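In: Have a look at this prediction, sequence included:
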Amino acid sequence: MNKEETKARISELSKIIENHNYNYYVLTQPTISDYDFDMLLNELIELEKLFPELVLPDSPTQRVGGDLTKEFKTVKHRYPMLSLSNSYNIEEVKDFISRIKKTIEEDVEFVCELKFDGVSISLTYENGLFVKAVTRGDGTQGDDVTTNIKTIRSIPLRLKGNYPDFFEMRGEVIMPHSSFNSINAEREDLGLQPFANPRNAAAGTIKLQDSKEVAKRKLDQYCYFMMMDDDKMIFNTHYESLAAAKQWGFNVSNFMAICKNVEDIEDFINYWDEKRKELPFDIDGIVIKVNDFKQREILGFTAKSPRWAIAYKFKAEEAHTKLLSVDFQVGRHGTITPVANLEPVQLAGTIVKRATLHNADFIEQLDLHHEDIVSVEKGGEIIPKITAVDLKLRKEDSKKITFIEHCPECGTKLVKAEGETAWYCPNTLGCPPQIKGRIEHFISRKAMNIESLGEGKVEVLFDNNLIKDYSDLYNLTYDNIYGLEKIIIVEDETNLLQENVRKVSFKEKTANNIIEAIEKSKSVPFARVLFALGIKYVGETTAKLIAKAMGSIDNIINASLEELTEIEEVGGKIAMSIKDFFADERNIAIINKLKEAGLQFEQEKKEVSENQVLSGMSIVVSGVFSTMSRDEIKQLIEDLGGKNVSSISKKTSFVVAGDKMGPEKRKKAESLGIEIKTEEEFLAMIGNNTIEPEVTSGQQGVLEFDF
Ligand code: IVH
């Protein structure tokens, strides 16, 4: 492909991909498979690599992030970003309507919308191109977060249809529950403080410096307000403007309604107060807006908010109950989390009898005393929280809740890291819940994948003194574990009168599966072994990067702090945590035992083949293969001296075609007379020069992309 042809293809691909993004993220009706989508995206990535000067400003490749922002530029808003006045009951909504009716004699129509609980954002579009995203800030100026916002796939980078030359779109960046839950699970696993709610998580995410990380967090965005110079406004009503915005490609919620009177508004509010529990994201109320722009102009603004709109805030569901006691739980990294035990109380459809108290500072802020009557709330959030204490009902002689000074499990004196809120037990290798937590992490699917040991079985082995740390797993035999059992009591959260008794037992099949899975785990690649060790702050991705950069466990053990911080994504905090881990002789002893057991502690090396049969050849690989993955075929080509190229040209030596090779590629190869080899023909050609492909985790079922 020459430069002109590449330019045309880049433009075509950008349009096709963005349209698929729209179908998937806005219409939620994808028209191609994820696999085919990735094929298109990867073709574009390759072409952009060849000709960086041809990258379009609205290229969908920007959605994956990559650029780092050192400091967000402060930008003045062209139109100030106002907030809304709030109402908390229908009487206040009625007052709002009466005030309007005093000024406007003719009929007034209202639009009711969901009040998205996220972070407001202003998006600027010039000639149909997305150019800037700014946070609300203080309303007159905010932070330019354009690079991060581009990763949100429901935000159009180029508009469709007949749009004005210049305007701003206002909306809310939200974090769906699915993203929130998985991010928090990962944070807890890494020993980081989880986000309190999806709004905080969204706010924290759009201010991250690494846009790649933002892309991973899967934010979403809804638009609810169009701003442009008054003399340029082409619509008569708000509803029309949002309908047009939808046509141009914006994500506008379908859940809005035109209401002609207070009864309609009340119905909308009541409907969503109930239904909001079924939404995949949080809303904290309903926004009621005058529909007609001329009427809005007459009504005008107060200093802070428009007179033509009001927010109705849902009541967070609240209950009052007695604090019975406080438990202190010890996490896998030793972090102590205080948990309130409450007199069971009905709240938002479930019985609540526990609430997190987060940390010592939170208890202090509440000034919590024994037997206090507390308010428990369940807003949009998933975990109930204690929001207040009723001081009038406090018993005179009741004692203040004090935070423990020693670990409730092993008695070790607790410590607190500088600048952190959490207390933790430093007895990492001797404290039972930390030991069990670490073993549970070690066997988890993304680590050593010994899942047959899940669901309470680690506890049974630990209780029977069969394992003291994860290296002991490799001494287990069938005879050791066969026949073990334990009864555990699982409480039913929704019905406290019921307790489920569950038996964990090691029958013949289970015992065999466990021993087999332990044996199989010995071939798990180094990066996953490193992750499995459970070093604080070293997650799956970081472990991969460290393994690749350092090559072996011994190199990591001997690395200096400086060498560690040179690794991508490893900052001072992670590097210190790695140094601390290996400074402990007991960890070194465990690693030596694991080495003896035969675990992988070196990154697999690829041998350089002496027989460079593909030397000097440019090869295109396309489609799906049966004996190995596309990446493995490409690796083979490289190892045998060939060069992988993404698009077919006169210079292409041949194409290796699997199933589902793109019809365009086939046509092109045929027209240029380039040979197309089947998988078998290719393997026959390279004959005995194959090199065992690197075994990577979870390869089965994972789609490989055509780079
Ligand atoms: S309209 C002139 N509509 O609620 C005000 N706001 O306190 C324009 N919000 O800052 C805002 N959903 O962040 C509007 N459907 C919606 C909304 C919404 C959420 C947020 C927005 C605003 C705050 C108002």
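Out: Nice, thanks for sending it over.
In: ok, which stretches of the stretch 101-250 of the chain are helices?
Out: For the stretch 101-250 of the chain, the helices defined by DSSP state H, counting those that start in this stretch occupy 146-149, 177-189, 198-206, 211-216, 238-248.
In: Pull the number of nearby residues for the residue in the stretch 101-250 of the chain that the ligand sits nearest to.
Out: When distances are taken as C-beta to the nearest ligand atom, the stretch 101-250 of the chain reaches nearest to the ligand at residue 120, 3.0 Å away. Quick note: C-beta positions are derived from backbone N, CA and C, even for glycine. Residue 120: 19 surrounding residues under other C-beta atoms under 10 Å.
In: buried stuff in the longest helix seen in the chain?
Out: Ranked by residue count and defined by DSSP state H, the top helix of the chain is helix 3-21. Neighbour-count burial for helix 3-21, counted by 16 or more other C-beta atoms under 10 Å, picks out 6-7, 9-10, 13-14, 16-18, 20-21.
In: and what of stretch 627-643?
Out: Buried residues in stretch 627-643, counted by 16+ other C-beta under 10 Å: 628-637, 639-642.
In: so which pair among those residues is furthest apart in space?
Out: Pairwise distances across those (C-beta to C-beta) peak at 20.6 Å, for the pair 629 and 641.
In: could I get the helices of the stretch 101-250 of the chain as JSON lines with distance to residue 593 and mean neighbour count?
Out: JSON lines is the format used below for the helices of the stretch 101-250 of the chain (distance: least, C-beta to C-beta, whole Å; neighbours: other C-beta atoms under 10 Å):
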{"stretch": "helix 146-149", "distance to residue 593": "45", "mean neighbour count": "22"}
{"stretch": "helix 177-189", "distance to residue 593": "24", "mean neighbour count": "16"}
{"stretch": "helix 198-206", "distance to residue 593": "39", "mean neighbour count": "21"}
{"stretch": "helix 211-216", "distance to residue 593": "35", "mean neighbour count": "18"}
{"stretch": "helix 238-248", "distance to residue 593": "61", "mean neighbour count": "19"}
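In: Select, out of these, the one closest to residue 45.
Out: Of all these, it is helix 211-216 that lies closest to residue 45, at 13.9 Å by C-beta to C-beta.
In: thinking again about what came up before, export the longest helix of the chain to PDB, keeping only CA atoms.
Out: Taking C-alpha atoms only, helix 3-21 is exported to PDB below (Å, rounded to 0.1, in the frame of the first residue of the first chain):
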ATOM      1  CA  LYS A   3       1.000   6.500   1.200                       C
ATOM      2  CA  GLU A   4      -2.100   7.700  -0.600                       C
ATOM      3  CA  GLU A   5      -3.800   4.300  -0.300                       C
ATOM      4  CA  THR A   6      -2.800   4.000   3.400                       C
ATOM      5  CA  LYS A   7      -4.300   7.500   4.000                       C
ATOM      6  CA  ALA A   8      -7.600   6.400   2.400                       C
ATOM      7  CA  ARG A   9      -7.600   3.100   4.400                       C
ATOM      8  CA  ILE A  10      -6.800   4.900   7.700                       C
ATOM      9  CA  SER A  11      -9.700   7.300   7.100                       C
ATOM     10  CA  GLU A  12     -12.000   4.400   6.100                       C
ATOM     11  CA  LEU A  13     -11.000   2.300   9.100                       C
ATOM     12  CA  SER A  14     -11.400   5.200  11.600                       C
ATOM     13  CA  LYS A  15     -15.000   5.700  10.400                       C
ATOM     14  CA  ILE A  16     -15.900   2.000  10.400                       C
ATOM     15  CA  ILE A  17     -14.400   1.500  13.900                       C
ATOM     16  CA  GLU A  18     -16.100   4.500  15.400                       C
ATOM     17  CA  ASN A  19     -19.400   3.400  14.000                       C
ATOM     18  CA  HIS A  20     -18.900   0.100  15.600                       C
ATOM     19  CA  ASN A  21     -18.000   1.800  18.900                       C
END
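In: Tell me the first helix or strand C-terminal of it.
Out: Sequence-wise, the next helix or strand downstream of helix 3-21 (DSSP states H and E) is helix 34-50.
In: got the angle for that next one vs helix 3-21?
Out: Using axes from the mean of the first three to the mean of the last three C-alpha atoms, to 10 degrees, the direction of helix 34-50 lies 150 degrees away from that of helix 3-21.
In: Give me the contact list for helix 34-50.
Out: 1, 6, 9-10, 13-14, 16-17, 20, 24, 30, 54-55, 59-61, 646-647, 662, 703, 705-707 (C-beta atoms under 8 Å, 6 or more residues apart in numbering).
In: Please apply the same query to stretch 438-448.
Out: Under C-beta under 8 Å, 6+ apart, the answer for stretch 438-448 is 189, 332, 449-451, 453-454, 458, 462, 467, 469-470, 473, 521, 524, 528-529, 531-534, 540, 697.
In: Just the buried positions in that stretch, please.
Out: By 16+ other C-beta under 10 Å, the buried positions in stretch 438-448 come out as 438-444, 447-448.
In: now stretch 336-353
Out: Residues of stretch 336-353 classed as buried: 336-338, 340, 342, 345, 347, 352-353 (neighbour count, 16+ other C-beta under 10 Å).
In: can you pull the contacts of residue 550?
Out: Counting by C-beta under 8 Å, 6+ apart, residue 550 makes contact with 556, 559, 567.
In: how does it look with 6 Å?
Out: residue 556 (C-beta atoms under 6 Å, 6 or more residues apart in numbering).
In: Secondary structure element holding the closest residue to residue 339 other than its chain neighbours?
Out: Sequence neighbours aside, residue 327 is the residue nearest to residue 339 in space, at 4.8 Å (criterion: C-beta to C-beta, 6 or more residues apart in numbering). Applying DSSP H and E as the criterion places residue 327 in strand 317-330.
In: For that strand, which outside residues touch it?
Out: 336-343, 345, 347-348, 372-378, 401, 404, 408-409, 425, 433.
In: Also stretch 228-245?
Out: Against stretch 228-245 from outside (C-beta under 6 Å, 6+ apart): 111, 167, 223, 226, 252, 289, 291-293.
In: swap in stretch 460-472?
Out: Stretch 460-472 has contacts (C-beta under 6 Å, 6+ apart) with 436, 439, 442, 480, 484, 486, 504, 590, 593-594.
In: And that stretch, what's buried?
Out: Those would be 460-462, 466-467, 469-472, for stretch 460-472 by 16+ other C-beta under 10 Å.
In: Those: which two are farthest apart?
Out: Taking C-beta to C-beta, the two most distant members of those are 460 and 471; they sit 18.2 Å apart.
In: if we can go back for a sec, could you dump the buried residues of stretch 460-472 into JSON lines and include distance to residue 94?
Out: Formatted as JSON lines, those follow (distance: C-beta to C-beta, whole Å):
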{"residue": "460", "distance to residue 94": "62"}
{"residue": "461", "distance to residue 94": "65"}
{"residue": "462", "distance to residue 94": "62"}
{"residue": "466", "distance to residue 94": "69"}
{"residue": "467", "distance to residue 94": "66"}
{"residue": "469", "distance to residue 94": "66"}
{"residue": "470", "distance to residue 94": "64"}
{"residue": "471", "distance to residue 94": "69"}
{"residue": "472", "distance to residue 94": "69"}
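In: Pick the one among those closest to the ligand.
Out: The closest of those, once distances to the ligand are taken by C-beta to the nearest ligand atom, is residue 470, at 47.1 Å.
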